[in-house]
Each structure stands twice: as structure tokens, then as C-alpha cells.
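In: attaching a predicted model along with its sequence, questions to come.
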Amino acid sequence: KNQVEQSPQSLIILEGKNCTLQCNYTVSPFSNLRWYKQDTGRGPVSLTIMTFSENTKSNGRYTATLDADTKQSSLHITASQLSDSASYICVVSANNQGGKLIFGQGTELSVKP
Amino acid sequence: DTGVSQDPRHKITKRGQNVTFRCDPISEHNRLYWYRQTLGQGPEFLTYFQNEAQLEKSRLLSDRFSAERPKGSFSTLEIQRTEQGDSAMYLCASSSGQGFYEQYFGPGTRLTVT
């Protein structure tokens, strides 16, 4: 069964600190992995997309890594800001699935002043 | 390009009533997806269209759910005889159908069934 699991479920950090979110997946055949940011009451917004051959990708203060051998990914947030408070969702797409996405349950990040 | 829009943003209905949601994708995006998201969970795939053709439906989409995209542009999702378990955020996304099928999400419709 295609699954995406994330940890931790929730995280509280102080403004300015760094944090790392984890994602494990069992999706086959693998096409690409994405990280989305979802603010409360809003739709998800894409942060990064990585294919099998990419093992790191950055978008500003967000850096995603991918280990396709162990089927793990991480999202590192540097110098966190209050506006980073959101749910971060790991999403995997399988080949030949018409772009259908398999979502993790998300990590709820809260950045405190 | 104003992004994906959904209407209404919030809907409160009584159990047993029918509801219909609308999604307007980014213009010229030929793929349109519907997802359902419950509190504390990631979105779950419901169905998707390529142009006006509905290519796949999840087993989550019971007989009470129906989706259409009659002219390959906007789409509607109807839920008949709503149940309390239908309370969720219903998200729509669209993509161009090229490359990584990058999906752009709308703001969602929050359904509350009382």
C-alpha cells in the first residue's frame, strides 16, 4: 500500500531557531516528492519538488533532502519566523498515476516569539 | 491568472441535505483534482479530471458523491444526503498536465454537517 508517514506530528520552536521535519514513504513506482506548506484554513502551497535523481533542493530558508534508497526525506527550516507557523505536508507522486498525489498527515509547526 | 478559486468558502448544512461546491481552475489547466481533508490529516484524493473526462475515482467517493466538469473548465462536487462524517475541508487543485503535474490548490470549502 502506498503510504507517506511524517514525524513529528507537531513541533513548537522559538523564533530564530532551526528545525527539521521527517518523512518516510512507501510509494512505488516513485516519481517525485514534494513538500507543501498549508496555513490554517488555506490550501497547500508547494515549497519544493524533487525527483529520484535529486537529493537536495532549496527554496529560501527551506531545504529539502531526499534519500531514494531509504525512501526518506527531510525538510529543514532555517532561522524560523512567526509566519512559518503552519502544517508542512510531505507528498509523493507515483509514476503513471496521472499526477495523483499521496499525502502524509502533516507536521504542525508552531513558531513562538 | 488569479489562481484556483472555490465557492463557497464555508458551508453549514443539516444532515440529509444536498450540497454542491464549485471549483474554477487556473485557466487552460486541463487537469483538475478534488481532495478531502479532515482535521489534523493530510488531504485524501477523491477524483480527477482530464478536460471533461473523469479518469479516476477513489473508493472514498461513495454513491452519494458526484463530480462533473462538463466543459473541461470549472468543476462541481455534489454530496447528496449529507452525513456528519462528510464534515471536512474539500480542496480542489489544477495542473497543466505537463512535467511534474505541479498542482495548484484552491483555498478549499469547509463543510460542516450538523
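Out: Received the coordinates, thanks. Numbers count the residues shown, from 1 in each chain, chains lettered A, B, ... in the order given.
In: quick check: which ranges of chain A have low pLDDT?
Out: A:96-99 (pLDDT under 70).
In: please repeat the previous calculation with a cut-off of 80.
Out: A:1-2, A:95-100 (pLDDT under 80).
In: what residues does it have near chain B?
Out: A:4, A:31-32, A:41-46, A:49, A:51, A:89, A:91, A:93, A:98-106, A:108 (CB under 8 Å from any CB of the partner chain). C-beta coordinates here come from the backbone N, C-alpha and C atoms, glycine included.
In: quick check: beta-bridge partners of the residue most central in space within chain B?
Out: Among the residues of chain B, the one closest to the centroid is residue B:34, at 3.4 Å (CA atoms, centre = their mean). Using DSSP bridges, the bridge partners assigned to residue B:34 are residue B:47, residue B:92.
In: look up how far residue A:55 lies from it.
Out: 33 Å (CB to CB, to the nearest Å).
In: before we move on, the earlier item: which ones are touching the residue nearest to the centre of chain B?
Out: B:23, B:46, B:47, B:48, B:67, B:75, B:77, B:90, B:91, B:92 (CB atoms under 8 Å, 6 or more residues apart in numbering or on different chains).
In: for residue A:69, same thing?
Out: Residue A:69 makes contact with no residue under the criterion CB under 8 Å, 6+ apart.
In: picking up where we left off before, any idea how far chain A is from the residue nearest to the centre of chain B?
Out: 11 Å (CB to the nearest CB, to the nearest Å).
In: and if you look at residue B:3?
Out: Applying CB to the nearest CB to residue B:3 and chain A gives a distance of 9 Å.
In: and the strands in the chain?
Out: Defaulting to chain A. All strands of chain A, identified by DSSP state E, fall at A:3-7, A:10-14, A:19-26, A:30-38, A:45-51, A:56-59, A:62-67, A:72-77, A:86-94, A:101-103, A:107-112.
In: nope, chain B
Out: So, for chain B - with DSSP E - the strands run B:5-7, B:10-13, B:19-24, B:31-37, B:44-50, B:53-57, B:65-68, B:75-79, B:88-95, B:104-105, B:109-113.
In: ok, the last one near chain A or not?
Out: Yes - looking at strand B:109-113 against chain A by CB under 8 Å from any CB, the contacts come from residue B:110.
In: and the gap between the residue nearest to the centre of chain B and residue A:75?
Out: For residue B:34, the distance to residue A:75 - CB to CB - is 26 Å.
In: which among the contacts of residue B:34 gets closest to residue B:59?
Out: Of all the contacts of residue B:34, residue B:59 sits closest to residue B:46, with 10.0 Å by CB to CB.
In: residues near that closest one, how many?
Out: Around residue B:46 sit 21 other residues, with neighbours defined as other CB atoms under 10 Å in any protein chain shown.
In: tell me the pLDDT at the closest residue to it other than its chain neighbours?
Out: Sequence neighbours aside, residue B:34 is the residue nearest to residue B:46 in space, at 4.3 Å (criterion: CB to CB, 6 or more residues apart in numbering or on different chains). Note on residue B:34: pLDDT of 96.
In: follow-up on the earlier one: so can I have a markdown table of the strands of chain B showing distance to residue A:67?
Out: Listed next are these as a markdown table, based on distance: least, CB to CB, whole Å:
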| stretch | distance to residue A:67 |
| --- | --- |
| strand B:5-7 | 36 |
| strand B:10-13 | 41 |
| strand B:19-24 | 36 |
| strand B:31-37 | 27 |
| strand B:44-50 | 25 |
| strand B:53-57 | 30 |
| strand B:65-68 | 37 |
| strand B:75-79 | 37 |
| strand B:88-95 | 26 |
| strand B:104-105 | 27 |
| strand B:109-113 | 36 |
